[in-house]
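**Student:** turn this into a structure:
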Amino acid sequence: MLNREYGKAEIVQLNELTGDDRPVLAVADFSPGPWWGFNGVQIFVLTTDQLHMVQKGAAFTHGRLRRSIPTSSLEKVDWHIRRRFSREAVRMTLKKGSRRRTYTSKYQQGASLARELALRSQRT
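**Tutor:** Numbers count the residues shown, from 1 in each chain. Next up is the predicted model:
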């Protein structure tokens, strides 16, 4: 699986964009839907009690926050690593109320974020 590290400067910039001064627990690139990159790419920033989703690209540089979800409102987080065409990807499904959203990451950080988010959703 590919590795995409976010540096301190990038994490500080993401904290400013989200307006959240809590420590960042995990950062990963995810794409909405079952395929990587087909529906764009979002940066997921997990803090102690929020999951921030920032659109990568133009919106990232203009400081527009796409969405923020309290982790306590997530009823269930399922994730698994799948292999297809000799490549691995992380598929994560978030359930909030009657809505279910699927996201895909091709990076190892996606697995780390999904694991941490799943643990946090089980605690609530």
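
**Student:** lowest-pLDDT helix or strand in the chain?
**Tutor:** Lowest on mean pLDDT, DSSP states H and E among the helices and strands of the chain sits helix 58-62, with a mean of 56.

**Student:** tell me the bridge partners for residue 103.
**Tutor:** residue 32, residue 92 (DSSP bridges).

**Student:** that one: how many residues sit nearby?
**Tutor:** Other residues near residue 103 come to 25 when the count uses other C-beta atoms under 10 Å. Just so you know, the C-beta spots here come from the backbone N, C-alpha and C atoms, and that holds for glycine as well.

**Student:** that one and residue 56, how far apart?
**Tutor:** 13 Å (C-beta to C-beta, to the nearest Å).

**Student:** who touches both of the two?
**Tutor:** residue 42 (C-beta atoms under 8 Å, 6 or more residues apart in numbering).

**Student:** and the residue positioned nearest the centre of the chain, bridged to which residues?
**Tutor:** The centroid of the chain falls nearest to residue 44 when counting by C-alpha atoms, centre = their mean (3.0 Å). Beta bridges link residue 44 to residue 28, residue 53, judged by DSSP bridges.

**Student:** what sits against it?
**Tutor:** With C-beta under 8 Å, 6+ apart, residue 44 has these contacts: 26-30, 51-53, 103, 113.

**Student:** what about the longest helix in the protein?
**Tutor:** helix 108-123 (DSSP state H).

**Student:** now residue 11: which helix or strand?
**Tutor:** Using DSSP states H and E, residue 11 sits within helix 8-18.

**Student:** pLDDT below threshold where in this structure?
**Tutor:** Residues of the chain that meet the criterion pLDDT under 70 lie in 1-4, 58-66, 86, 123-124.

**Student:** can you do 90?
**Tutor:** 1-26, 34-42, 47-49, 53-69, 71-72, 82-89, 97, 106-110, 119-124 (pLDDT under 90).
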